[in-house]
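Student: Model the following, please.
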Amino acid sequence: MTATNVETRDEPREKLVAVNRVAKVVKGGRRFAFGALLVVGDERGRIGVGYGKAREVSLAIQKAKAAAQKTMVRVPLHGNTVPYAVWGEHGSTRVYIQPASQGTGLIAGGAMRAVFEMLGIRNVLAKAMGSRNPHNVVRATLDALAQLESPRRIAARRGLPAERLRVAR
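Tutor: I've put the predicted structure just below:
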């Protein structure tokens, strides 16, 4: 196998979460525009979310991708799950994310599933409550993931050696 045939994982992958069509009524009729919500991730703990608006779907997706790449953040993972259970909120949407054992799979709904896939999380239990608007669900999921800390950071804050901390499996 040559080096050109090997797929590199450095390039972030993208997943379209939602496309919204809006209409502006003008003198000559309706003018349509599109909004695209996109999740970008490297499947190794980095994630970004972007929203782009344009007169064509492809342009809206390009704008969303550029916005998502600018906002990429790192999320501490424990293997291919989250280290511990966490709640997140945005607007009237609340999400609960819980670690799952190996082989459980992604037990999560549409918008949350896209975020977990782009992060590289393979085993998790998650539930969205309240509004199921994709924008709010994605932002609430990111709020929950932003609260996560790595076991090493928690141990350092408590003044303990990292080996003493137990992490959910």
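Student: center of this structure - which residue?
Tutor: V115 (2.7 Å; CA atoms, centre = their mean).
Student: which ones are touching it?
Tutor: By CB atoms under 8 Å, 6 or more residues apart in numbering, the residues touching V115 are 39, 41, 47, 49, 138, 141-142, 145. Where you see a C-beta, it was placed from the backbone N, CA and C, and this is true even at glycine.
Student: Could you double-check that F32 sits in contact with V25?
Tutor: No - F32 is not in contact with V25 according to CB atoms under 8 Å; the separation is 10.7 Å.
Student: which of the two has more neighbours?
Tutor: Neighbours per residue, other CB atoms under 10 Å: of F32 and V25, the larger number sits with F32, 11 against 8.
Student: Name the helix or strand for that one, please.
Tutor: Per DSSP states H and E: F32 is located in strand 29-41.
Student: Strand partners (parallel or antiparallel) of the helix or strand following that strand?
Tutor: Per DSSP H and E, the first helix or strand lying C-terminal to strand 29-41 is strand 46-54. Paired neighbours of strand 46-54 in the sheet (DSSP bridges): strand 29-41 (antiparallel), strand 73-74 (antiparallel).
Student: what sits up against the shortest one?
Tutor: This points to strand 73-74. 45-48, 142, 146.
Student: Try it again at 6 Å.
Tutor: 45-46 (CB atoms under 6 Å, 6 or more residues apart in numbering).
Student: now stretch 80-90
Tutor: 95-100, 122-124, 136, 139-140, 143-144, 147, 167-168.
Student: follow-up on the earlier one: how far out from the middle of the chain is the strand holding F32?
Tutor: 18 Å (CA atoms, centre = their mean, to the nearest Å).
Student: can I get the contacts of V115 in JSON lines with neighbour count?
Tutor: Converted to JSON lines, the contacts of V115 look like this (neighbours: other CB atoms under 10 Å):
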{"residue": "V39", "neighbour count": "28"}
{"residue": "G41", "neighbour count": "25"}
{"residue": "I47", "neighbour count": "26"}
{"residue": "V49", "neighbour count": "25"}
{"residue": "V138", "neighbour count": "26"}
{"residue": "T141", "neighbour count": "28"}
{"residue": "L142", "neighbour count": "21"}
{"residue": "L145", "neighbour count": "24"}
